[in-house]
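J.: Please find the sequence and the predicted model below.
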Amino acid sequence: MLYSLRKFSKSEVAQERLRIIRFYEEYGEKATQDAFGSARRVISRWRKRLRDNGGVLRALVPLSTRPRRVRRSRVPPEIIDFIRGFQRRTGLSYFPRKILSPEKRSTAKIRSFCLYPAKTA
């Protein structure tokens, strides 16, 4: 039930969450879980957000699920393109170290080989 809330606009989701909270307060945990499939801790989190924001419905609008930090590759894009081109040409899904020239070996910090999914064109 809760996953299906993502199909609606944010205001509709907030209204549904408020409806679930009111149902929880009137009928209790067991009935709410049976009716909506929502856990007590999730409802408690929603209730706390609602209480902390003075009861404003906007507090129940879903927060972003995007990660706060995203790792960036330290391998230069030229090296990745070179390896993928090699994989396309040879059909290998790994890149043996002995094929790299010494200067590329030191800049890419490739140990024995790199595993990348082989791309088929």
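T.: Looks like it arrived, so ask away. Numbers count the residues shown, from 1 in each chain.
J.: Longest helix in the chain, by number of residues?
T.: As far as residue count goes, and with DSSP state H defining each element, the longest helix of the chain is helix 10-27.
J.: What are the buried residues along that one?
T.: Residues 13-14, 16-18, 20-21, 23-24 are the ones in helix 10-27 that count as buried (16 or more other C-beta atoms under 10 Å). Quick note: C-beta positions are derived from backbone N, CA and C, even for glycine.
J.: mean confidence for it?
T.: What helix 10-27 shows for mean pLDDT is 90.
J.: Show me what that helix is packed against.
T.: Using 3 or more C-beta pairs under 8 Å, 6 or more residues apart in numbering; DSSP states H and E as the contact criterion, the secondary-structure elements in contact with helix 10-27 are helix 29-36, helix 40-52.
J.: For the ones you listed, give me CSV that also has distance to Asp81 and mean neighbour count.
T.: As requested, the helices and strands packed on helix 10-27 are exported to CSV (distance: least, C-beta to C-beta, whole Å; neighbours: other C-beta atoms under 10 Å):
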stretch, distance to Asp81, mean neighbour count
helix 29-36, 49, 14
helix 40-52, 44, 14
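J.: among these, which is nearest Glu78?
T.: Distances from Glu78 to each of those were compared using C-beta to C-beta; the minimum, 45.6 Å, belongs to helix 40-52.
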